[in-house]
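# Could you work out the structure for the sequence below:
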Amino acid sequence: MACMIKIVRYKETKDSTMGNLYLNGKKIGYTLELPWNENKQNESRIPAGNYNAFIREADTSSSWNYDVIQLKNVPNRTAIQIHRGNRPDHTVGCILPGLGKGLNRVWSSEKALNKLLNQAQDGGIKVVIRNKL
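Residues are numbered from 1 along each chain as shown. Model prediction:
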């Protein structure tokens, strides 16, 4: 079964972008990304859009010792992932999932990522990102 991850961005501050996180149509938490900065590598969130993704296993990732979800064909960007983290300085342009949120923060990121990974094990992954800022 394919996994559908949807992110609806709803708030931007000078430090971050917050979003609602949906898994197969059900809201499961929140996302944290960098604010928009012209899609600059390591300094900006990625453009809204529809992306295919895959599970990048820990042994193939130079940055993390756990599996992540990596988006394919992000315009002018490489290695954009959904990975664990809580604060804007943890993102480096990627997407951080969480079950809870605070000001420029998400909480229980490991649990949120595991929910996504568990659903994605059996098929393709689609990631839909929308701006409602």
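# Who does Gly19 form a beta bridge with?
Beta-bridge pairing of Gly19 under DSSP bridges involves Arg9, Thr31.
# just the one 4 residues further on next, same as before
Under DSSP bridges, the beta-bridge partners of Leu23 are Ile5, Lys26.
# State the distance from it to Tyr51.
Leu23 sits 15 Å away from Tyr51, going by CB to CB, to the nearest Å. All C-beta atoms are positioned from the backbone trio N, CA, C, and that covers glycine.
# Show me how far stretch 99-110 is from its chain's centre.
Remark: stretch 99-110 is offset 12 Å from the chain centroid, using CA atoms, centre = their mean, to the nearest Å.
# Isn't Leu23 up against Met4?
Yes: Leu23 is within contact range of Met4, at 7.4 Å (criterion: CB atoms under 8 Å).
# now the strands: where do they sit in this structure?
Here the chain has its strands, by DSSP state E, at 3-12, 17-23, 26-33, 49-56, 68-71, 81-82, 96-98, 100-102, 105-107, 125-131.
# For Ile69, name its beta-bridge partners.
Beta-bridge partners, per DSSP bridges, of Ile69: Ile55, Ile82.
# and it, what does it touch?
Ile69 sits next to 5, 53-56, 81-83, 113, 116-117, 120, 125, 127 when contact means CB atoms under 8 Å, 6 or more residues apart in numbering.
# Who wins on neighbours among those residues?
When neighbours are counted by other CB atoms under 10 Å, Ile82 leads those with 27 neighbours.
# Show the pLDDT at that one.
Predicted confidence (pLDDT) for Ile82: 97.
# And for Val106, the neighbour number?
Val106 is flanked by 27 other residues according to other CB under 10 Å.
# now it: how far from Gly19?
Here Val106 is placed at a distance of 10 Å from Gly19 (CB to CB).
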